[in-house]
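Undergrad: quick one, fold the following:
(one chain, ligands or ions: 1)
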Amino acid sequence: MITAKTIEETRKAVREARAAGKEIGFVPTMGALHEGHLSLVSIAKKHADFIVMSIFVNRIQFNDPKDFDKYPRDFDKDLSLAEKAGVDMVFLPDETVMYNNPLTFVDTSSLDRYLCGASRPGHFRGVCTVVTKLFNIVQPDTAVFGQKDIQQVRIVEKMAEDLNIPVSIIIAPIRRENDGLAMSSRNIHLSNEQRKQALCLSESLQTAKKLIEKGETSTAAIIREVEAEIKKGSPDSIDYISIVSYETLEPIKTLSTKSVLAAAAFFGSTRLIDNMIITEGDSIQ
Ligand code: AMP
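TA: Take a look at the predicted model:
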C-alpha cells in the first residue's frame with residue numbers, strides 16, 4: 001500500500017493506475033477507522049480496481065474547535081487497517097498541504113438548512129470545500145460515502161451534479177454494532193453508561209419502522225413516538241428529530257416517495273446521529 005503525503009505523489013500513483021487501465025475508487029475519511037469505514041472500502045472494490053482512501057481531519061468543517069481538538073487520531077493503526085482492507089493508496093496530507101491561506105470555498109444553499117446543517121453553521125461549507133479539493137486531487141471515477149452521514153452524502157451528490165464533477169457517488173449502508181448502535185469514530189468518547197443510553201437512537205428508528213410498516217404516514221405522529229423512545233435513553237439533549245424529503249432535505253408533513261428520518265442527540269458532550277431512509281412501497285434502510 002502506498003502512503004502519499006503530497007498531492008504530487010497522489011496524482012502520480014493515480015496516473016499510473018489509470019495508465020494500467022484501472023478505474024479509481026475513492027473513500028474519503030477523517031481517520032479513527034472502524035468497520036463502517038472499511039465497509040466503504042469493500043463497496044469501492046466492487047466498482048473500481050485502484051482504491052484510494054484519504055485520511056484528513058478537516059478543521060474547517062468543525063464548528064466547535066474543542067470537537068476538532070479531541071477528534072480521535074491514530075494514523076498508524078489507520079494505515080494498518082486500511083492495508084488489511086485492501087486499500088491501494090492512502091492520501092494522508094498535513095494541513096499545510098491542503099490549505100494555503102485559501103480564499104475560495106464551496107458552499108451549498110438550502111440543503112444545509114435543516115438537520116445537522118441547522119445546528120452546525122459552516123459545517124457543510126467545510127465538507128463541500130474539502131470534498132471538492134479531494135475530488136480534484138484524486139480524480140476518482142467512483143466515490144463511496146456512508147448513509148450514516150445522510151445529509152453529507154446528499155449534499156455531495158448534488159454538488160457533484162451542480163459542478164459537473166465526473167464522479168459517481170455511491171451510498172453505503174450504515175454499519176452497526178451488534179446491539180444496533182451506529183458505528184462512529186466518536187463512540188470512543190462515550191462512558192459505559194452513555195454507551196447504553198445511546199442505544200435509544202437506533203431503537204427509536206426501529207419503533208418508527210414498525211409504525212410505518214403498520215401504515216402510519218403522518219410525520220408528526222412518527223416523530224412523537226421517536227421522541228418518546230429517545231427520551232427513554234435520557235440523552236443530555238436532543239438536537240433534532242426530523243423527517244425530510246431525500247431530494248430537498250426539507251421537513252415534510254406526510255411521508256413521500258423517498259424520505260429520511262434523522263435524529264441527533266448529545267450524550268455528555270458527544271453528539272451522535274442516526275437515520276433511516278424510507279422508500280415508499282419498498283424497503284426501509
Ligand atoms: P468520517 O471519518 O466520520 O468522516 O467518515 C468517513 C466516511 O465513512 C463517511 O462517508 C461516513 O458516512 C462513513 N461512515 C462513518 N460511519 C459509518 C458507519 N457506521 N457505516 C457506514 N459508513 C460510515
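
Undergrad: what's around the residue in the stretch 101-250 of the chain positioned nearest to the ligand, how many residues?
TA: Nearest to the ligand, among the residues of the stretch 101-250 of the chain, is G146, at 2.4 Å (C-beta to the nearest ligand atom). C-beta: built from backbone N, CA, C; applies to glycine. The number of residues packed near G146 is 23, by other C-beta atoms under 10 Å.

Undergrad: what sits against it?
TA: Neighbour list for G146: G36, L40, V153, I171, A172, P173, I174, R175 [criterion: C-beta atoms under 8 Å, 6 or more residues apart in numbering].

Undergrad: restricted to helices, list those residues.
TA: G36, L40, V153 (DSSP state H).

Undergrad: which of those tops the neighbour count?
TA: Result: L40 is most packed of the ones in helices among the contacts of G146 (other C-beta under 10 Å), 28 neighbours.

Undergrad: my read: that residue touches F145, true?
TA: Yes - the criterion here is C-beta atoms under 8 Å, and L40 meets it with F145 at 7.5 Å.

Undergrad: find residues that contact each of these two.
TA: A172.

Undergrad: residues of the chain that sit close to the ligand?
TA: 29-30, 36-37, 39-40, 145-146, 148-149, 172, 174-175, 182-185 (C-beta under 6 Å from any ligand atom).

Undergrad: what about the stretch 151-285 of the chain, any weak spots by pLDDT?
TA: 281-283 (pLDDT under 70).

Undergrad: now the strands for it?
TA: Using DSSP state E, counting those that start in this stretch, the strands of the stretch 151-285 of the chain run over 168-172, 237-245, 258-267, 270-279.

Undergrad: pull out the buried residues from the third one.
TA: By that I understand strand 258-267. S259, V260, L261, A262, A263, A264, A265, F267 (16 or more other C-beta atoms under 10 Å).

Undergrad: and it with strand 270-279, angle?
TA: 160 degrees (axes from the mean of the first three to the mean of the last three C-alpha atoms, to 10 degrees).

Undergrad: where does the residue nearest the centre of the chain land on pLDDT?
TA: Central residue of the chain (C-alpha atoms, centre = their mean): D149, 3.2 Å from the mean position. Here, the pLDDT recorded for D149 equals 98.

Undergrad: list the contacts for N58?
TA: M30, M98, G126, V127, V130 are the contacts of N58 under C-beta under 8 Å, 6+ apart.

Undergrad: what residues are up against the second one?
TA: It stands for M98. F56, N58, V130, K133.
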